[in-house]
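**Q** just to be clear, the model below is a prediction. Sequence and coordinates:
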Amino acid sequence: MSSTDTLAIRLSQLRYSWPQQQQACIDIPVFTVAQGERVFLHGPSGSGKSTLLALLGGVARPQSGTIHLLGTDLTRLPSATCNRFRADHIGFIFQQFNLLPWLSAMDNVLLPGTFSARRRHQAGDLRTQAQHLLTQLDLSQALWHCPASSLSVGQQQRVAAARALIGKPEIVIADEPTSALDDARQQAFINLLLAEASSVNATLLFVSHDARLATHFDRTVALADINQPNREPA
Ligand SMILES: Nc1ncnc2c1ncn2[C@@H]1O[C@H](COP(=O)(O)OP(=O)(O)O)[C@@H](O)[C@H]1O
Ligand SMILES: [Mg+2]
């Protein structure tokens, strides 16, 4: 597994500071995730987890370093190409889910297929895969056509997971998606997500402040062990 061809994520000499801030927020000499690996990344609130995910999504641009996803260096892509790459290859589950509240649960799940021909194609029949994912994620059929805004937090979370997984993106990134749930439901959701990610061979990067959730992942990483924003510049 040493070949870089097998890596889903490879960060090298990555530095990012927020505008008007002297101190770097992200300074990662090296970090890699193999394809198909399911990694749990934890760190306290304010430690830079969401900032790192914004860099991985191409939403924030680093001051220096490289971000290879599936062998493509995002830092070399113009922003329109970067947005396309994200839509084609990455499924995101956000802390607040970011569902479109007026759309039904089903239409929220179908959305990535309207933005990405690749994911539409990989889904086979898009609607059939949406139904399959919602069923696997235990969202009762009676709710599929209800507006997302009418669903409970736990139901919205499962819709967000189905939306991230549809069209088999190679990389699924989850930013503290369980923080609104009680402990038992957090672990149940994580187990579903792990199983669904494996069934489509996705690489999963799951981020949380709560290190107790780490069980069942292939690997656990503390952000502080890879991110050294206080080191002397090389
Ligand atoms: N939009 C922003 N503008 C300026 N600073 C920000 C912004 N978002 C986050 N930060 C700063 O970056 C640091 C890390 O924040 P964040 O990545 O959200 O941490 P985490 O997700 O681990 O809680 C914090 O010090 C925060 O103040
Ligand atoms: Mg965060």
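**A** Cool, the structure landed. Ligands and ions are numbered 1, 2, ... in the order given.
**Q** all helices of the chain, in order?
**A** Secondary structure of the chain (DSSP state H): helices at 49-56, 79-89, 105-115, 117-122, 126-136, 153-165, 183-199, 223-226.
**Q** what residues does the spatially most central residue of the chain make contact with?
**A** The chain has residue 173 as the residue nearest its centroid, 1.1 Å off, counting by Cα atoms, centre = their mean. The contact partners of residue 173, by Cβ atoms under 8 Å, 6 or more residues apart in numbering, come to 53, 56, 57, 90, 91, 92, 93, 164, 204, 205, 207. All C-beta atoms are positioned from the backbone trio N, CA, C, and that covers glycine.
**Q** which of those sit farthest apart?
**A** Spatially, the most separated pair among the contacts of residue 173 is 57 and 204, at 14.8 Å (Cβ to Cβ).
**Q** the two: who's more crowded?
**A** Neighbours were tallied for residue 57 and for residue 204 using other Cβ atoms under 10 Å; the higher tally belongs to residue 204 (27 against 20).
**Q** what bridges to that one?
**A** On the basis of DSSP bridges, residue 204 is bridged to residue 38, residue 172.
**Q** measure it to ligand 1 for me?
**A** For residue 204, the distance to ligand 1 equals 18 Å [Cβ to the nearest ligand atom, to the nearest Å].
**Q** okay, buried residues for stretch 150-157 please.
**A** Buried residues in stretch 150-157, counted by 16 or more other Cβ atoms under 10 Å: 151, 154, 155, 156, 157.
**Q** circling back: look at the residue nearest to the centre of the chain and report its pLDDT.
**A** At residue 173, the model reports a pLDDT of 97.
**Q** repeat for residue 3
**A** On the pLDDT scale, residue 3 is placed at 50.
**Q** same thing with the one 10 residues further on?
**A** Taken from the predicted model, the pLDDT recorded for residue 13 is 97.
**Q** give the burial count for it, as a bare number.
**A** 13.
**Q** from ligand 2, how far off is the residue lying closest to residue 26 once chain neighbours are set aside?
**A** Nearest residue to residue 26, sequence neighbours excluded (Cβ to Cβ, 6 or more residues apart in numbering): residue 16, at 4.2 Å. Residue 16 is 14 Å from ligand 2, where distance means Cβ to the ion, to the nearest Å.
**Q** ok, now residue 175?
**A** According to Cβ to the ion, residue 175 stands 6 Å off from ligand 2.
**Q** and the closest residue to residue 227 other than its chain neighbours, what is it in contact with?
**A** Spatial nearest neighbour of residue 227, excluding adjacent residues (Cβ to Cβ, 6+ apart): residue 28 at 5.3 Å. Residue 28 makes contacts with 11, 13, 14, 52, 65, 226, 227, 228, as judged by Cβ under 8 Å, 6+ apart.
**Q** now do residue 28 against residue 62, distance only.
**A** Noted for residue 28: a distance of 10 Å to residue 62, by Cβ to Cβ, to the nearest Å.
**Q** and what of residue 153?
**A** Residue 153 sits 33 Å away from residue 62, going by Cβ to Cβ.
**Q** and residue 20, by the same measure?
**A** From residue 20 across to residue 62, the span is 17 Å (Cβ to Cβ).
**Q** so which of the two has more stuff around it?
**A** Of the pair residue 20 and residue 62, residue 62 is the one with more neighbours under other Cβ under 10 Å, namely 20 against 5.
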